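Student: show me how the following folds:
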Amino acid sequence: MTLPDIDFDERGLVSVVVQDASSGEVLTLAYANREALERTVQTGETHFWSRSRQELWRKGATSGNTQRVLEVRYDCDADALLYRVDPQGPACHTGERSCFHRSVTGGAIPSIGEVMTLLERVVDDRLERRPEGSYVARLHDRGVGYVAQKVIEEAGESVVAALQERDEELVEEVADLLFHLVVLLRERGLRIEQVATLLAARYREKTGGRS
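Tutor: Predicted structure coming up:
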């Protein structure tokens, strides 16, 4: 494919924001030269230019924490890139999922995408490890029909709370509903990302791609 005319700086570099495509979480900020960008597009894995080592590097080459690239975007001035990725492990060398794991102001508020992705990870973990007393494991053992009933139950309780104008309770019930929906999707081998992809496609269809 022909790459767009990216405005590399005087060092031949462009800043790259790496984002988890599922949750929207920003994972890291790095830099790429033209070769790194070309290799990223060609291989489908993130490649960068190390300013300290002065060399090209592929994320996960030594750690195994690779990043599968789903999309590469560039900004309105063509002087910054966005890699939307499916991360296979932590992005940060410290072992943290994101390099941006510290806050200056405190009280970080996660996005709904981050929360739903976290819920999926928790469900996956419980089903894999099956710790004693796990509610997720009990749901799974009772089957998809039981999980579906729980979704109906939580949806009904959400509606009742709304109709009775019990807003605090409504928030709690919707939280329970979203959790059980994640479990239901998992029971069918589906991911919340698939729902997000469908909603995004519907949005683009309705708006013609306009934000």
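
Student: which residues of this protein fall in helices?
Tutor: Secondary structure of the chain, counting by DSSP state H: helices at 34-43, 112-129, 135-142, 144-163, 167-187, 192-207.

Student: indicate which one of the ones you listed is closest to residue 64.
Tutor: The closest of the helices of the chain to residue 64 is helix 34-43. By Cβ to Cβ, the value is 15.8 Å. The C-beta positions use only the backbone N, C-alpha and C, and glycine is treated the same way.

Student: buried sites along that closest one?
Tutor: Buried residues in helix 34-43, defined by neighbour count with 16 or more other Cβ atoms under 10 Å: 36-37, 39-40.

Student: how about stretch 64-83?
Tutor: Neighbour-count burial for stretch 64-83, counted by 16+ other Cβ under 10 Å, picks out 65-67, 69-70, 72, 74, 80-83.

Student: just give me how far it sits from the chain centre.
Tutor: 14 Å (Cα atoms, centre = their mean, to the nearest Å).

Student: what's the end-to-end length of it?
Tutor: Distance between the two ends of stretch 64-83: 18 Å, counting by Cα to Cα, to the nearest Å.

Student: then stretch 54-65?
Tutor: With Cα to Cα as the measure, the ends of stretch 54-65 fall 21 Å from one another.

Student: so where is this protein shaky, pLDDT-wise?
Tutor: 1, 107-108, 209-211 (pLDDT under 70).
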